[in-house]
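*Asks:* model this:
(chains A and B)
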Amino acid sequence: MKARAKPLVAILDYGIGNLHSAQKGFEHAGADARLTADRGLIKAADGVVLPGVGAFAPCMAALGRTGLDAAARDVVASGRPFMGICVGMQVLFAGSDEAPGTPGLGVFDRDVRWIPGPVKLPQMQWNVLDRRLDHPMLAGLDDPVWAYFVHSLAPETGDGTDVVATCDYGGPVVAAVARDNVWAAQFHPEKSSRVGLRILANFVAAAAEAE
Amino acid sequence: MQVARVIPCLDVDAGRVVKGVNFVDIRDAGDPVELAARYDAEGADELVFLDITASSDRRDTTVAMARAVADEVFIPFTIGGGIRTLDDARRLLRAGADKVSVNTAAVRRPELVREISLEFGAQCCVVAVDARSSTEAPSGYEVFTHGGRTRTGIDCLEWVGEAERLGAGEILLTSMDRDGTRKGFELNLTSKVSESVSVPVIASGGVGTLDHLVEGVVEGKADAVLAASIFHYGEHTIAEAKTRMAAAGITVRPA
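*Replies:* Okay, the predicted model is just below:
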């Protein structure tokens, strides 16, 4: 643990959507949480969060415009704790059915697909996380873990080795992935009440330890 | 797994909750933040704030309220009422509301739905539809605006279909025939709308008992049920509602 009282969590602000709840959520979870596009602050942060709402292509375009795509890749490569949320998770993948021809950041080498029917889309509800890996993201939470989802697409399962949790929505749907320093949640921890705040706190704890 | 949502609705006027919410040991029954936090703790899945502020120059209070709620409460919330323009929606969403619901302004200018949906995503854009039974409408239900006072001549099923095509992410359906009656949801209307759109439908209007919530999901096929008075006046807790729904075989997030 470093001397700094609260871990610095940089929430990448690239002009997409409402980041207010994410910032307040991380503050409640014990972080010094900043909405920022500042390279220096991002480099200095103990943990970095990539939020995202709406659609894949506008998010990638905005990341490109602000240069935060490169900044995000640098953080991923640096080994510092990094967390993608919702579309901020989806853009970590290679591409998406929603935007054929628009490359994602490619941190995970597979695609994001429409959730197969005949379920209603978007999935706009609370759902149970079915754990696939024992991972610090879900530490301290008793099953069943309920989280709030709003999405119509989800990442492919791949070989499953990075899938932390799925939820059941007409079949298993990838709900959280993690590899090394990268965590990602399809659901909204900042909208998932006490459960979500614990997940954010787990990330803040990882950020505190990572230094 | 389809999980039905239970959504208390709070009326707000100039940033204060009105029509009193009657929790025991509440410090300030008009404070939207305190009430929202209380409903979160009780297990509400989402909240809807219906802004009934009459004068538009006091709408800033609603934006401030959205921010204050978002600072402290970590479940999704929708703000509806009086949203006329994309800029109105933008201010509320930037302040921290997860969704906005549009009603009269969307009927008057349907492009508003597309504009909100394109800028913020369909998930932010709720279209609130107030319907009344009408022998002149092909579906038997006509859309009303201005809080249910004004006929539009528009068929309810036609309108929800158009709203979905324009980018609505959710339909908040209120039966004006049942609103305030405590006789239960208008189940025929609710099921017709639920079956005609592929986006989620919130049933609203008429809840007087816990069994009405069950009916809204089982017979009305709604994805979520909204109620006000049965929760606000301490008749029932969210936990009681969910227990009753679960006992009827509906999957809910336990309170």
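*Asks:* per-residue confidence at the residue of the stretch 101-250 of chain B found nearest chain A?
*Replies:* The stretch 101-250 of chain B approaches chain A most closely through residue B:121 (3.5 Å), counting by C-beta to the nearest C-beta. C-beta here means a position set from N, CA and C on the backbone, and glycine is covered the same way. On pLDDT, residue B:121 comes in at 86.
*Asks:* contact partners for the nearest residue to it once chain neighbours are set aside?
*Replies:* Nearest residue to residue B:121 in three dimensions, chain neighbours excluded: residue A:54, at 3.5 Å (C-beta to C-beta, 6 or more residues apart in numbering or on different chains). Residues near residue A:54 by C-beta atoms under 8 Å, 6 or more residues apart in numbering or on different chains: A:16-17, A:87, B:120-121, B:123.
*Asks:* any idea how far the nearest residue to residue B:73 once chain neighbours are set aside is from chain A?
*Replies:* Spatial nearest neighbour of residue B:73, chain neighbours left out: residue B:36 (4.4 Å); criterion: C-beta to C-beta, 6+ apart. Distance from residue B:36 to chain A, counting by C-beta to the nearest C-beta, to the nearest Å: 11 Å.
*Asks:* could you pull out the strands for chain A?
*Replies:* Along chain A, the stretches classed as strands by DSSP state E are A:8-12, A:32-36, A:47-50, A:82-85, A:93-96, A:108-114, A:123-131, A:145-151, A:153-155, A:163-168, A:172-179, A:182-185.
*Asks:* now do chain B
*Replies:* Using DSSP E, strands in chain B cover B:5-13, B:16-18, B:47-51, B:77-80, B:99-102, B:125-133, B:141-145, B:150-155, B:170-175, B:201-204, B:224-227.
*Asks:* which residues are contacting the second one?
*Replies:* Applying C-beta under 8 Å, 6+ apart, the contact partners of strand B:16-18 are B:10-12, B:29-32, B:35, B:52.
*Asks:* next, the buried residues of that strand.
*Replies:* Buried residues in strand B:16-18, counted by 16 or more other C-beta atoms under 10 Å in any protein chain shown: residue B:17.
*Asks:* can I get the strands of chain A in a markdown table with mean neighbour count and distance to residue B:87?
*Replies:* Shown next, in a markdown table, are the strands of chain A (neighbours: other C-beta atoms under 10 Å in any protein chain shown; distance: least, C-beta to C-beta, whole Å):
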| stretch | mean neighbour count | distance to residue B:87 |
| --- | --- | --- |
| strand A:8-12 | 26 | 25 |
| strand A:32-36 | 19 | 21 |
| strand A:47-50 | 28 | 28 |
| strand A:82-85 | 28 | 27 |
| strand A:93-96 | 22 | 30 |
| strand A:108-114 | 17 | 32 |
| strand A:123-131 | 22 | 25 |
| strand A:145-151 | 24 | 23 |
| strand A:153-155 | 24 | 29 |
| strand A:163-168 | 22 | 36 |
| strand A:172-179 | 23 | 35 |
| strand A:182-185 | 26 | 31 |
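*Asks:* including distance to residue B:59, could these go into a markdown table?
*Replies:* Supplementary listing: the strands of chain A in a markdown table, determined by distance: least, C-beta to C-beta, whole Å:
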| stretch | distance to residue B:59 |
| --- | --- |
| strand A:8-12 | 28 |
| strand A:32-36 | 25 |
| strand A:47-50 | 31 |
| strand A:82-85 | 30 |
| strand A:93-96 | 37 |
| strand A:108-114 | 38 |
| strand A:123-131 | 26 |
| strand A:145-151 | 26 |
| strand A:153-155 | 35 |
| strand A:163-168 | 37 |
| strand A:172-179 | 37 |
| strand A:182-185 | 34 |
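*Asks:* any chance of TSV for these, columns distance to chain B?
*Replies:* Output for the strands of chain A, formatted as TSV (distance: least, C-beta to the nearest C-beta, whole Å):
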stretch	distance to chain B
strand A:8-12	14
strand A:32-36	12
strand A:47-50	15
strand A:82-85	13
strand A:93-96	14
strand A:108-114	13
strand A:123-131	4
strand A:145-151	5
strand A:153-155	12
strand A:163-168	4
strand A:172-179	10
strand A:182-185	14
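*Asks:* relative to residue A:122, how far out is the residue of chain A found nearest chain B?
*Replies:* As assessed by C-beta to the nearest C-beta, chain B sits closest to residue A:54 within chain A, at 3.5 Å. Counting by C-beta to C-beta, to the nearest Å, the gap between residue A:54 and residue A:122 amounts to 11 Å.
*Asks:* okay, and the common contacts of the two?
*Replies:* Here residue A:54 and residue A:122 share the contacting residues residue B:123, scored by C-beta under 8 Å, 6+ apart.
*Asks:* can you point out the buried residues in the helix ranked longest in chain A?
*Replies:* Ordering each helix of chain A by length in residues (DSSP state H) puts helix A:193-210 first. Neighbour counts using 16+ other C-beta under 10 Å place A:193, A:195-208 of helix A:193-210 among the buried residues.
*Asks:* which of those are close to chain B?
*Replies:* Residues of the buried residues of helix A:193-210 in contact with chain B (C-beta under 8 Å from any C-beta of the partner chain): A:193, A:196-197.
*Asks:* for these, which one is nearest residue B:130?
*Replies:* Lowest distance from residue B:130 to these (C-beta to C-beta) belongs to residue A:193, with 30.2 Å.
*Asks:* surely that closest one touches residue B:77?
*Replies:* No. Assessed by C-beta atoms under 8 Å, residue A:193 is found out of contact with residue B:77, at 12.0 Å.
*Asks:* end to end, how far does stretch A:101-119 reach?
*Replies:* For stretch A:101-119, the separation between the terminal residues is 26 Å (C-alpha to C-alpha, to the nearest Å).
*Asks:* what does it contact?
*Replies:* Taking C-beta under 8 Å, 6+ apart as the rule, stretch A:101-119 contacts A:56-57, A:60, A:63, A:69, A:72-73, A:76, A:90-98, A:121, A:123, A:151-156, A:158, A:162, A:169-171, A:173, A:177, A:179, A:182, A:184, B:2.
*Asks:* what's the neighbour count on the closest residue to residue B:244 other than its chain neighbours?
*Replies:* Closest residue to residue B:244 apart from its sequence neighbours, by C-beta to C-beta, 6+ apart: residue B:210 at 4.1 Å. Applying other C-beta atoms under 10 Å in any protein chain shown, we find 19 residues neighbouring residue B:210.
*Asks:* tell me the contacts of residue B:210?
*Replies:* Going by C-beta under 8 Å, 6+ apart, residue B:210 touches B:230, B:236, B:240-241, B:244-245.
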